[in-house]
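1. Okay, structure incoming, though there's no sequence with it:
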Ligand SMILES: [Zn+2]
């Protein structure tokens, strides 16, 4: 289960989350996944788009259509 390091687009803090292929719709790439920044100071959801190797291509502040799962950040 790959670990991904990135930043939250709402608060710009560093985030870490785990993602696997079953978390996304693999019929098209980049594929959206919802990321919940799981800290009291933020708690917001954004949309991250990942490629077939589950690498983040880009991200959006809003919850965009097409995702199948919400992942809570580890930090
Ligand atoms: Zn945040």
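-> All right, it came through fine. Predicted model only: the values in this text are computed from it and were never measured. Residues are numbered from 1 along each chain as shown.

2. what does this protein put close to the ion?
-> Contact residues, the chain versus the ion (Cβ under 5 Å from the ion): 8, 10, 11, 37, 42. Every C-beta, even on glycine, is put in place using the N, C-alpha and C of the backbone.

3. Now, of these, which are buried?
-> Buried members of the residues of the chain next to the ion, scored by 16 or more other Cβ atoms under 10 Å, are 8, 37, 42.

4. Quick one, grab the pLDDT at the second one.
-> The one in question is residue 37. What the model reports as pLDDT for residue 37 is 98.

5. now do the last one
-> What the model reports as pLDDT for residue 42 is 98.

6. A strand includes it, no?
-> No. Assigned with DSSP: H, G, I helix; E, B strand; the rest coil, residue 42 falls outside any strand and is coil.

7. Excluding chain neighbours, what is closest to it?
-> residue 11 (4.6 Å; Cβ to Cβ, 6 or more residues apart in numbering).

8. OK, contacts around the one you found?
-> If you count contacts by Cβ atoms under 8 Å, 6 or more residues apart in numbering, residue 11 has them with 37, 41, 42, 44.

9. Three-state assignment for it, please.
-> coil.

10. That one and residue 63, how far apart?
-> 16 Å (Cβ to Cβ, to the nearest Å).

11. Residue 42 too?
-> 15 Å.

12. cool, residue 34 as well?
-> From residue 34 to residue 63 the distance is 6 Å (Cβ to Cβ).

13. Next, show the common contact partners of those two.
-> Contacts common to residue 34 and residue 63, judged by Cβ under 8 Å, 6+ apart, are 45, 46, 47.
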